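Student: Compute the structure for the input listed below.
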Amino acid sequence: MKKIRVAIFGTGNIGTDLLVKIFRSKYLECNLFSGRSFLSLGLKKFRAEKLKNKRKYRNLILSDKGVNALVKNSNNFDLIFDCTSAKLHKKNFKLFRKLKKKIINLTPTDDGYMCIPVLNLEECNKSIELNMVSCGAQSSVPVAFTMSKIFKKRVQYIETTSTISSKSAGPATRLNLDEYIYSTQRAINYFARVNKCKAILNLNPAFPHINMETTTYAKIKGKKVSKSELNRFKKLLKSIISKLRKYVRGHKIIVEPTLIDDVLVVKTKTIGAGDYLPSYAGNLDIINCAAVAAGEYYAKKK
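Tutor: Next comes the predicted model:
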């Protein structure tokens, strides 16, 4: 099968880790890695990699010309992964559309069709732009969706709290905290069909660095949750998490679904693959793995 050619815009932590993952893919080939500074760690790493293995990286163009490199080399790729920031994505939105390329947006903006691969790959693939929402959404939305499938309109309120290592939150993450919260809440609203929800992100400075953990709470109104309902929820959740683990191997349930009065609680952990980033940076790994899954699905269907 011929690989789909892609460009990665943004040479920070997410972009660099994504590039490592794409070089392992059977369906994607990265031809352009573009950022704003030739001194960025990502560009420095792959300059060195190209010197060591010219054959493997012979088609990879490295650039510090930012979005201008996308325009100049637009014939070399069919798909763009935007790994910059919400502000830059908004600034370049019109230009992206002019290029008429498929876009996978890893910034926390409201642009594009929200994509949680384990839930809606087929329907969102029809859109020219896919929105990967946020790391917290990739972790919590499958749980929230399962809650709504079992308890339907009885889900009165959902709250999700993701705790990540402070070390794994780079400058773009810190600048986009408001966008992160809005995007995560919007995704829960949409997928779980619940009007009231809250998303929280905690940055923990502890050392040794902690892994990403996400706790999702749902207030269930009406009749008391029966043992049968709880078992059906556990079974469906286990099935969905099993599918999610096909592209995020380090994701798992660490606190089984538990009822505390009328509140249902589930806790998950995400350990990164350790490709470019350390394994504790599961928050970055989960959104990159989701983006690769979306890109590969597009390649298979093209």
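Student: hey, let's count contacts and neighbours off CA atoms from now on
Tutor: OK.
Student: now stretch 86-105, how far from the centre of its chain.
Tutor: 17 Å (C-alpha atoms, centre = their mean, to the nearest Å).
Student: and what of stretch 227-237?
Tutor: So, by C-alpha atoms, centre = their mean, the centroid of stretch 227-237 is 27 Å from its chain's centroid.
Student: And the strands in the stretch 201-302 of the chain, which stretches?
Tutor: Secondary structure of the stretch 201-302 of the chain (DSSP state E, counting those that start in this stretch): strands at 212-220, 251-260, 263-270.
Student: what's the closest of those strands to Leu51?
Tutor: Evaluated over these, closeness to Leu51 peaks at strand 263-270, with 33.8 Å, by C-alpha to C-alpha.
Student: Strand partners (parallel or antiparallel) of the closest one?
Tutor: strand 212-220 (antiparallel), strand 251-260 (antiparallel) (DSSP bridges).
Student: So which bits of that strand are buried?
Tutor: Val263, Leu264, Val265, Val266, Lys267, Thr268, Lys269, Thr270 (16 or more other C-alpha atoms under 10 Å).
Student: any idea which of the strands paired with strand 263-270 is most buried?
Tutor: strand 212-220 (a mean of 24; mean count of other C-alpha atoms under 10 Å).
Student: Can you check the pLDDT for Pro108?
Tutor: Pro108 is assigned a predicted lDDT (pLDDT) of 88.
Student: my bad, Met1
Tutor: pLDDT at Met1 comes out at 73.
Student: Send me the longest helix anywhere in the chain as CSV with only the CA atoms.
Tutor: For the chain, the helix with the greatest residue count under DSSP state H is helix 282-301. Below are the C-alpha coordinates for helix 282-301, written out as CSV (Å, rounded to 0.1, in the frame of the first residue of the first chain):
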residue,chain,number,x,y,z
GLY,A,282,1.0,10.3,28.8
ASN,A,283,-1.0,13.4,28.2
LEU,A,284,1.0,14.2,25.1
ASP,A,285,1.2,10.6,24.0
ILE,A,286,-2.6,10.0,24.0
ILE,A,287,-3.4,12.9,21.7
ASN,A,288,-0.5,12.0,19.4
CYS,A,289,-1.6,8.4,19.2
ALA,A,290,-5.2,9.5,18.5
ALA,A,291,-3.9,11.8,15.7
VAL,A,292,-1.9,9.0,14.1
ALA,A,293,-4.9,6.7,14.3
ALA,A,294,-7.0,9.4,12.5
GLY,A,295,-4.3,9.9,9.9
GLU,A,296,-3.9,6.2,9.3
TYR,A,297,-7.7,5.7,8.9
TYR,A,298,-7.7,8.5,6.3
ALA,A,299,-4.8,6.9,4.5
LYS,A,300,-6.6,3.5,4.4
LYS,A,301,-9.8,5.0,3.0
